[in-house]
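> Could you look at this predicted model? Sequence included:
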Amino acid sequence: MPNPETHLAAPYDALLLLSFGGPERPEDVVPFLENVTRGRGIPRERLEQVGEHYFLFGGKSPINDQNKALIAALRADFDAHGIDLPIHWGNRNWEPYLDDVVADLARAGAQRVLCLTTSAYSSWSSCRQYRENIAAALAALPEGVEPPRIDKVRAFYNHPGFVEANVDGVLAALADLPEDVRDQARLVFVTHSIPITMADASGPTGGAYVAQHLDVAAVVADRVAEATGSRRDHELVYCSRSGAPHIPWLEPDVNDRLEELAGEGTAAVVLIPVGFVSDHMEVVYDLDTEALATAERLGLPARRAASAGVHPDFVAGLRDLVLERVALARGEDVERRSLGGRGPSHDGCPDTCCVG
Ligand SMILES: CC1=C(CCC(=O)O)c2cc3nc(cc4[nH]c(cc5[nH]c(cc1n2)c(C)c5CCC(=O)O)c(CCC(=O)O)c4C)C(CCC(=O)O)=C3C
Ligand SMILES: [Fe+2]
């Protein structure tokens, strides 16, 4: 642990990157899916399909390597700014497991840990479930080991660093489209579908998940219009629907919407995975493999914008969010940066926030 008297991120002893986790090899795929879906009522048929997505990529999800790259980029950025905060990594569904890293931190004497999740929005899946995972990891600590206090960085979907990284991704995708359709290309923002009941219950007063996505999509579309000198239509669609067929999830599905858009004579589309922070399986399978194949079949020119990943603006934005929280923990005044119409998200969630 760094010296609590002198180090620049005090009172925090460590940063914990908390993510979803993914399989590393074919033997991991079924146990990983069992971890993800335990008690969630996902039909066997859907699980077999999703297993095939992983097997198509050799049984290995890109997500773990992407998290390692993010940690390396954060380490380099922190070092360049004199921030001597150790960075640890734990996952909900695969090694390294959150429970193990929390136990290691507690045994090493960490008293206060700042947690950053690889999820930018509010909902049970993207926020509260991670908070429940943290509570469970603390509850599982062996007797006699003092539990650290773990604070979670606020939802960062509208932080300028995340926004700028997404804008750059859209600009690069537009530049890659044939010149004659570039100016008319429609901006199709994509996020993970969730059950409508979950969406309705998201955030402190409900409805936050969709409202946050619509807000950031409008900001990105404005920035792209400024940068290119042409205003393009934009909308929000969904991918990766799961669950039982009779339970309503957010729609339209990206593939269905591409059919409609092609039918309406849309010139081209850019798919923007704004709901995700890196190009993990939902992006490389659901968008690159499936949705781009749909567009191809329809003769609709389409490109997929890169997600934030390790874009330098995103990494710098995460540093800004960490320093913001450090300042708040010290009782100092600090600017809480955000773009769009909703303002910075809350730091601590009320009890009723994002209930399933
Ligand atoms: C909102 C949201 C995010 C974004 C926020 C965040 O990033 O946290 C997200 C991310 C991810 N989801 C992922 C993988 C999976 N999600 C599943 C299932 C589900 N996701 C849900 C929601 C979300 N999921 C929900 C409501 C379910 C139904 C089960 C339940 O009610 O809990 C299933 C089970 C099979 C299936 O049914 O699809 C898998 C395998 C991976 C890893 C990718 C990789 O390996 O590269 C990542 C990053
Ligand atoms: Fe998921």
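Noted; the coordinates are in hand. Computed from a prediction, not measured in an experiment: that's the story for all the values here. Numbers count the residues shown, from 1 in each chain. Ligands and ions are numbered 1, 2, ... in the order given.
> make it CA atoms for all contacts and neighbour counts henceforth
OK.
> For Val270, name its beta-bridge partners.
In this entry, Val270 is beta-bridged to Leu187, Arg303, by DSSP bridges.
> Give me the neighbour count for it.
If you count neighbours by other CA atoms under 10 Å, Val270 ends up with 23.
> shift numbering so it begins at 4
Okay, using 4 as the starting number, the last item reads as Val273.
> Do I have it right that Leu77 meets Asp316?
No. Counting by CA atoms under 8 Å, Leu77 does not reach Asp316; the two are 11.3 Å apart.
> Give the buried residues for the helix or strand where Leu108 lies.
Assigned by DSSP states H and E, Leu108 falls within helix 101-110. Buried residues in helix 101-110, counting neighbours by 16 or more other CA atoms under 10 Å, are found at Leu101, Asp102, Asp103, Val104, Val105, Ala106, Leu108, Ala109, Arg110.
> I'd like the next helix or strand past that helix.
Next helix or strand after helix 101-110 toward the C-terminus (DSSP H and E): strand 115-120.
> any idea how far that following strand is from the chain center?
Mean-position distance between strand 115-120 and its chain equals 15 Å (CA atoms, centre = their mean, to the nearest Å).
> how far off helix 101-110 does that strand point, in degrees?
160 degrees (axes from the mean of the first three to the mean of the last three CA atoms, to 10 degrees).
> next structured bit after strand 115-120?
Where DSSP H and E defines the elements, the next helix or strand beyond strand 115-120 is helix 132-142.
> how about the residues of the stretch 104-253 of the chain near ligand 1?
Within the stretch 104-253 of the chain, the positions near ligand 1 by CA under 6 Å from any ligand atom are Thr121, Ser122, Ser128, Ser129, His195, Ile197, Ser243, Ser245, Gly246.
> I'd like to know how far Ser341 sits from Arg333.
Distance, Ser341 to Arg333, by CA to CA, to the nearest Å: 21 Å.
> Oops, could you answer that again for His249 instead?
Distance, His249 to Arg333, using CA to CA: 49 Å.
> Comparing these two, which shows the higher neighbour count?
Each of His249 and Arg333 has its neighbours counted (other CA under 10 Å); Arg333 has more, 13 against 6.
> What is the neighbour count of the residue found closest to that one once you drop the neighbours it is linked to in the chain?
Setting aside the residues directly before and after it, Arg333 is nearest to Pro14 in space (CA to CA, 6 or more residues apart in numbering), at 7.2 Å. Pro14: 18 surrounding residues under other CA under 10 Å.
> so can I have TSV of the buried residues of helix 101-110 showing pLDDT?
Shown next, in TSV, are the buried residues of helix 101-110 (pLDDT from 0 to 100):
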residue	pLDDT
Leu101	98
Asp102	98
Asp103	98
Val104	98
Val105	98
Ala106	98
Leu108	98
Ala109	98
Arg110	97
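> which one among those gets closest to ligand 1?
In terms of CA to the nearest ligand atom, no member of the buried residues of helix 101-110 lies closer to ligand 1 than Leu101, at 14.0 Å.
> Can you verify my assumption that that closest one contacts Leu20?
No. Counting by CA under 8 Å, Leu20 is not a contact partner of Leu101; they are 9.5 Å apart.
> so what sits against both of the two?
Residues touching both Leu101 and Leu20 (CA atoms under 8 Å, 6 or more residues apart in numbering) are Trp92, Gly93.
> from the buried residues of helix 101-110, which single one is nearest His216?
For the buried residues of helix 101-110, the closest approach to His216 (CA to CA) belongs to Leu101, at 27.4 Å.
> what's the nearest residue to the closest one if we skip its chain neighbours?
By the measure of CA to CA, 6+ apart, the closest residue to Leu101 outside its immediate chain neighbours is Gly93, 4.2 Å from it.
> what about the strands in the stretch 154-303 of the chain?
All strands of the stretch 154-303 of the chain, identified by DSSP state E, counting those that start in this stretch, fall at 189-195, 237-242, 272-275.
> hmm, back to that, quickly check the residues of the stretch 104-253 of the chain next to ligand 1 for the two that are furthest apart.
With CA to CA as the measure, no two of those lie farther apart than Thr121 and Gly246, at 22.4 Å.
> OK, contacts around Leu141?
Shown in contact with Leu141 (CA under 8 Å, 6+ apart): Asp102, Val105, Ala106, Pro150, Pro151.
> Let's see that with 10 Å instead.
Applying CA atoms under 10 Å, 6 or more residues apart in numbering to Leu141 gives the contacts Leu101, Asp102, Val105, Ala106, Ala109, Glu135, Val148, Glu149, Pro150, Pro151, Arg152, Ile153.
> how about those, which pair is most distant?
Glu135 and Val148 (19.7 Å).
> hang on, Trp97 packs against Val39?
Yes. Trp97 is within contact range of Val39, at 9.0 Å (criterion: CA atoms under 10 Å).
> Pick out whichever of these two has more residues nearby.
Neighbour count, other CA under 10 Å: between Trp97 and Val39, Trp97 has more, with 21 against 17.
> residue ranges with poor pLDDT in the protein?
The chain contains residues with pLDDT under 70 at 4-9.
> Specify the beta-bridge partners of Leu19.
Bridge pairing for Leu19 (DSSP bridges) gives the partners His91, Cys118.
> Enumerate every residue touching it.
With contacts defined as CA under 10 Å, 6+ apart, the neighbours of Leu19 are 74, 89-93, 101, 104-105, 108, 116-120, 153-155.
> Select only the buried ones of those residues in PyMOL?
In PyMOL, a selection of the buried entries from the contacts of Leu19 looks like this (16+ other CA under 10 Å):
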select buried, resi 74+90+91+92+93+101+104+105+108+116+117+118+119+120+153+154+155
